[in-house]
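> the sequence and its predicted three-dimensional model are supplied below.
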Amino acid sequence: MEKINFITENTEQEEDIHIACDRSKEEEQISANPFLTRGLSQKPLTEGDNQKLFSHRCCKLSCFNWLETVETEKRSPFAIVEVQFKNSHKEFFNLPAGEYDFNMGDIVVVESLTGHDIGIITLTGEAVKLQMKNKKTTADKVTKKIYRRARASDIEKWIRVVDLEKDTMMNSRYAAWDLNLNMKVNDVEYQGDGSKAIFYYSADERVDFRELIKILADKFKIRIEMRQIGVRQESARLGGLGTCGRELCCASWLNNFQTVSTGAARTQQLPLNPQKLAGQCGKLKCCLNYENETYLRELAEFPDRNTAIYTEKGIALCQKVDIFKKLMWYSYKDDASHMLYAIPLAKMTEIMSINAKKKRIAQLEDYAEINQGKTEDTNFDLDDLKKIND
């Protein structure tokens, strides 16, 4: 795509700016279907059944209705469903009065603040109650409603506006660059009727984008909504694979981002290497918090890591703790060989009681289960650690 200068309206091709990497064949196939982010394995059909195109593997934060095949006592139908839009954008809607024949995968026209939107039903029945409880909302807070199933004309217009999203995003980036705005437009989501678009952007500081809105509204003839997201939300919208080989947690199921600090890495005795601790978003990995409470609970059973052992061969200092094998690794302070000695937790109590009587033990070797050489830790710049810290 050639860069367009929105300020001077100069349509001549300017300096070529490469903002994308080479893509594989699989990535080309994925990008060929913009409806993957909405939960469809291919573009919807204007005529025919689109339920078969609905797939839980296509969109972020997807939910599987495990209660669908479970036989339960007959209850009155639940008049609220969950509707999926683009990526993690989901909302609850009331069904039309007396109409309960809506199913998962149905493409529906729903109420919006201005005009109407088009989405896909992802949950129905009792599963919606559990989802509402999980998101801490109640039925009286659901005010929007579903108008009807999407007609052929609705789907045709929906396809047209969704196909515009990529070009709109790229052109909005160029417009922001022309205005020298320190921001990045990450994603664009068109409303189903084509009257409005949400521009998701990230920025390190406050941005005055009033002039940008005027330019975009004049260019695309739509209502513009700018919605700022953080770097973690940006990574969630883009998706990807983590170093563990699995899909990013923020892209698959995590929607409640909590503060992550380097203290969690220290508690779990991980090397303070920014390249390994940082996730795709450039911040500390959210998974550092998953096992942090377990480590804190287990470490409470161990003596303080600053506890020194006094021996006839000299003072020994703790180097690391193994909460799984209940071992504390010690080495002599003045030992040039840097040999490590693994002392069981039970024997540590015995050693501490001896030292408490102002007595020294003979040597660590008498209490150690395992001996091994010490590996040198690489020193990392503290400024790099501060950059990835929340």
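That came in fine, so what should we check first? None of the values given here were measured: they were computed from a predicted structure.

> host element of the one residue sitting closest to the centre of the chain?
With distances taken as CA atoms, centre = their mean, the residue of the chain nearest its centroid is Cys250 (1.8 Å). If you go by DSSP states H and E, Cys250 is part of helix 249-252.

> packing partners for that helix?
Here helix 249-252 touches helix 231-238, going by 3 or more CB pairs under 8 Å, 6 or more residues apart in numbering; DSSP states H and E. Where C-beta positions appear, they are placed from N, C-alpha and C, glycine not excepted.

> contacting residues around the helix it packs on?
Helix 231-238 is contacted from outside by 60, 87-88, 184, 186-187, 200, 202, 229, 248, 250-251, 254, 257, 279-283, 286, using CB atoms under 8 Å, 6 or more residues apart in numbering.

> can you flag the buried ones in those?
For the contacts of helix 231-238, a neighbour count by 16 or more other CB atoms under 10 Å gives the buried set as 60, 87-88, 186-187, 200, 202, 229, 248, 250-251, 279-281, 283, 286.

> from the residues you listed, which is closest to Ile80?
Nearest to Ile80, judged by CB to CB, of those is Ser88 at 19.4 Å.

> what pLDDT does the model give the closest one?
pLDDT recorded at Ser88 is 81.

> residue contacts, it?
Lys60, Leu61, Ala236, Arg237, Asn255.

> surely the last one touches Leu61?
If I follow you right, that is Asn255. Yes - Asn255 lies in contact with Leu61 (CB atoms under 8 Å); the separation is 6.2 Å.

> more neighbours: which of those two?
Counted by other CB atoms under 10 Å, Asn255 and Leu61 do not tie: Leu61 has more neighbours, with 17 against 14.

> hmm, Cys249 and that one touching each other?
No - look at Leu61 against Cys249 with CB under 8 Å: they stay out of range, at 10.7 Å.

> run through the helices of the stretch 1-150 of the chain in chain order.
For the stretch 1-150 of the chain, the helices defined by DSSP state H, counting those that start in this stretch occupy 25-31, 126-134.

> hey, least reliable of those helices by pLDDT?
Of all the helices of the stretch 1-150 of the chain, helix 25-31 carries the lowest average pLDDT, namely a mean of 61.

> before we move on, the earlier item: include pLDDT and distance to Met169 when you put the contacts of Ser88 into CSV, please.
Listed next are the contacts of Ser88 as CSV, based on pLDDT from 0 to 100; distance: CB to CB, whole Å:
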residue, pLDDT, distance to Met169
Lys60, 71, 17
Leu61, 74, 21
Ala236, 84, 17
Arg237, 81, 11
Asn255, 77, 23
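
> with distance to Arg151 added, can I get the residues you listed in TSV?
Conversion of the contacts of Ser88 to TSV gives the following (distance: CB to CB, whole Å):
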residue	distance to Arg151
Lys60	27
Leu61	28
Ala236	33
Arg237	30
Asn255	32
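
> of the residues you listed, closest to Asn134?
The nearest member of those to Asn134, counting by CB to CB, is Asn255 at 9.6 Å.

> backbone phi and psi for the closest one, please?
Main-chain dihedrals, Asn255, degrees, to the nearest 10: phi -130, psi 0.

> how far away is it from Arg237?
Per CB to CB, to the nearest Å, Asn255 is found 12 Å from Arg237.

> thinking again about what came up before, farthest pair within the contacts of Ser88?
Greatest spatial distance among those (CB to CB): Arg237 and Asn255, at 12.0 Å.

> tell me the mean pLDDT for stretch 65-81?
77.

> list the buried residues of that stretch.
By neighbour count on 16+ other CB under 10 Å, the buried set for stretch 65-81 is Asn65, Leu67, Phe78, Ala79, Ile80, Val81.

> kindly report the same for stretch 191-210.
Judged by neighbour count (16+ other CB under 10 Å), stretch 191-210 contains these buried residues: 191-202, 207, 209.

> ok, stretch 38-49 next?
Across stretch 38-49, burial judged by 16+ other CB under 10 Å covers Arg38, Gly39, Leu40, Lys43, Pro44.

> OK, contacts around the fourth one?
Shown in contact with Lys43 (CB under 8 Å, 6+ apart): Asn33, Pro34, Phe35, Ile159.

> which among these end up buried?
Listed as buried from the contacts of Lys43 are Pro34, Phe35; burial here means 16+ other CB under 10 Å.

> and the two most separated of the contacts of Lys43?
Within the contacts of Lys43, Asn33 and Ile159 form the most distant pair, 11.2 Å apart (CB to CB).

> how about Gly242, nearest residue that isn't a chain neighbour?
Among residues not flanking Gly242 along the chain, Leu248 sits closest, at 5.4 Å (CB to CB, 6 or more residues apart in numbering).

> what's the separation between the residue nearest to Ser112 when sequence neighbours are not counted and Glu234?
Take Ser112 and drop its neighbours on the chain: the residue closest to it by CB to CB, 6+ apart is Gln191, 6.3 Å away. Separation of Gln191 from Glu234 (CB to CB) stands at 21 Å.

> other SSEs contacting the longest helix seen in the chain?
The residue-count maximum for a helix in the chain (DSSP state H) belongs to helix 165-178. The contact analysis (3+ CB pairs under 8 Å, 6+ apart) places helix 165-178 against strand 184-190, strand 196-202, helix 210-220.

> would you mark the buried spots in the longest one?
Read that as helix 210-220. Going by 16+ other CB under 10 Å, helix 210-220 has these buried residues: Leu212, Ile215, Leu216, Lys219, Phe220.

> nearest to Tyr290, of the residues you listed?
Closest to Tyr290, out of all of the buried residues of helix 210-220 and judged by CB to CB, is Leu212, at 39.0 Å.

> which ones are touching that closest one?
Leu212 sits next to Ser172, Ala175, Ala176, Leu179, Leu181, Met226 when contact means CB under 8 Å, 6+ apart.

> just curious, which of the buried residues of stretch 65-81 is nearest to Met352?
Nearest to Met352 among the buried residues of stretch 65-81, counting by CB to CB, is Leu67 at 54.4 Å.
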